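Colleague: coords please:
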Amino acid sequence: MTDVLDSTTGGSAVWASPLGRPSWQVDDCPPWCVAVHEEGDHPHDRKHLGPELTVPATTLAPRASSDGVQRDERSASELVVSLHRRDGSHDTWVYVGDGFEQRLEVLLGDMWRIVEAFGQAVEGLPPEA
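Modeller: Residues are numbered from 1 along each chain as shown. Reported below is the predicted structural model:
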């Protein structure tokens, strides 16, 4: 390892591997990774992250009303779509969710099958059906 001065840490010394990446990093970043990896990253945070794409959407959630009847409630939301892969893993995951209550997290290959099935489910329907 090499002791390197890094302007992003206020000029303090940081440890860097000869490859120009943290010593813990096993894999090169995939082309979609936008994460800045640092030597001090917590083990939980040692993953490749894609950009977060936001999609405005209306979501549906069941809510109990005051009379005890279950009703559906619509709400405006922003869903986030993003890729991530733990460093050293071969599994790329797709996250789709609101960051709070609703989320879907599946392998990239499974997401392609879901997208194909979704296309079949809505084929021929107008956007506001």
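Colleague: which element is the residue nearest the centre of the chain on?
Modeller: Centroid-nearest residue in the chain, with C-alpha atoms, centre = their mean: Ser82, separated by 3.5 Å. According to DSSP states H and E, Ser82 maps onto strand 70-86.
Colleague: please apply the same query to Gly20.
Modeller: Gly20 belongs to no helix or strand when elements are defined using DSSP H and E.
Colleague: how many other residues sit next to it?
Modeller: 9 (other C-beta atoms under 10 Å). All C-beta atoms are positioned from the backbone trio N, CA, C, and that covers glycine.
Colleague: what's the answer for Val55, then?
Modeller: For Val55, the neighbour count with other C-beta under 10 Å is 10.
Colleague: need the contact list for the nearest residue to it once chain neighbours are set aside.
Modeller: Once flanking residues are discounted, Val55 sits nearest to Leu79: 4.8 Å by C-beta to C-beta, 6 or more residues apart in numbering. Applying C-beta atoms under 8 Å, 6 or more residues apart in numbering, we find Leu79 in contact with 54-55, 57, 59, 96-98, 102.
Colleague: can you flag the buried ones in those?
Modeller: Val96 (16 or more other C-beta atoms under 10 Å).
Colleague: so Val96 touches Leu83, yeah?
Modeller: No - in this structure, Val96 is not within contact of Leu83 by C-beta atoms under 8 Å, at 10.7 Å.
Colleague: where does the chain have low pLDDT?
Modeller: Scanning the chain for pLDDT under 70 picks out 1-19, 129.
Colleague: where's Pro127, which helix or strand?
Modeller: Assigned by DSSP H and E, Pro127 falls within no helix or strand.
Colleague: the strands in this protein, which residues?
Modeller: 2-5, 13-16, 47-49, 53-64, 70-86, 93-97, 103-107 (DSSP state E).
Colleague: can I get these in CSV including distance to Glu128?
Modeller: Shown next, in CSV, are the strands of the chain (distance: least, C-beta to C-beta, whole Å):
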stretch, distance to Glu128
strand 2-5, 55
strand 13-16, 53
strand 47-49, 34
strand 53-64, 11
strand 70-86, 14
strand 93-97, 21
strand 103-107, 23
